[in-house]
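**Q** Predicted model and sequence follow; I will ask about them next.
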Amino acid sequence: MIRVLVMDLNTMKIEQTMDWRIHDANQYLWPAGPGRVLVHVGRELRLYGSQLKQEQTIALDGRLAFVTTSPSKTYFAVGVVQEQHSEKIHRELVRAEGREPEDDVEVRVLDAKLHVLATVPAVLPFRAAGAI
């Protein structure tokens, strides 16, 4: 569980609190421009503005693989895993191969209102351009 606090830095007064349940140890928060954050909660991405007011939400039809933000924080590349097999078979593949199996991932390009602008299929493990 993550507790979020909005503080007035001039007075150090807490103005707002909110609790988010996270389901794994992966990143769950990204800056989304002045006064805004993108948050991964369950099977959704949520965009919060000032005073933690929810502005937009988008449902994910699979496990979140990654989120990358543009330098302007107004576009997002979101990878959503498209499971190829059951959890049981996944565990058996890990045991047999000694590594995570490749998964299909759909990369979605979103705008500042979380509208999908484009989708591109890829395969995990996904390496962004320039990644080492």
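**A** It's in. Residues are numbered from 1 along each chain as shown.

**Q** Show me where the protein has its strands.
**A** For the chain, the strands defined by DSSP state E cover 2-8, 13-20, 29-31, 37-41, 44-48, 54-59, 64-69, 76-82, 103-110, 116-124.

**Q** Out of those, the one nearest residue 92 is which?
**A** strand 103-110 (14.7 Å; Cβ to Cβ). All C-beta atoms are positioned from the backbone trio N, CA, C, and that covers glycine.

**Q** For that closest one, which outside residues touch it?
**A** 45, 58, 62, 65, 75-84, 116-124, 126 (Cβ atoms under 8 Å, 6 or more residues apart in numbering).

**Q** sorry, back to before: got the strands of the chain as a markdown table, with mean neighbour count and mean pLDDT columns?
**A** Formatted as a markdown table, the strands of the chain follow (neighbours: other Cβ atoms under 10 Å; pLDDT from 0 to 100):
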| stretch | mean neighbour count | mean pLDDT |
| --- | --- | --- |
| strand 2-8 | 11 | 82 |
| strand 13-20 | 11 | 85 |
| strand 29-31 | 14 | 91 |
| strand 37-41 | 19 | 92 |
| strand 44-48 | 20 | 94 |
| strand 54-59 | 14 | 94 |
| strand 64-69 | 18 | 92 |
| strand 76-82 | 20 | 92 |
| strand 103-110 | 19 | 91 |
| strand 116-124 | 11 | 86 |
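
**Q** Quick one: closest of those to residue 89.
**A** strand 103-110 (11.9 Å).

**Q** partners of that closest one in the sheet?
**A** Looking at strand 103-110 with DSSP bridges, its partner strands are strand 76-82 (antiparallel), strand 116-124 (antiparallel).

**Q** Turn the strands of the chain into JSON lines, including distance to residue 88.
**A** Shown next, in JSON lines, are these (distance: least, Cβ to Cβ, whole Å):
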{"stretch": "strand 2-8", "distance to residue 88": "30"}
{"stretch": "strand 13-20", "distance to residue 88": "30"}
{"stretch": "strand 29-31", "distance to residue 88": "32"}
{"stretch": "strand 37-41", "distance to residue 88": "25"}
{"stretch": "strand 44-48", "distance to residue 88": "26"}
{"stretch": "strand 54-59", "distance to residue 88": "25"}
{"stretch": "strand 64-69", "distance to residue 88": "21"}
{"stretch": "strand 76-82", "distance to residue 88": "16"}
{"stretch": "strand 103-110", "distance to residue 88": "15"}
{"stretch": "strand 116-124", "distance to residue 88": "19"}
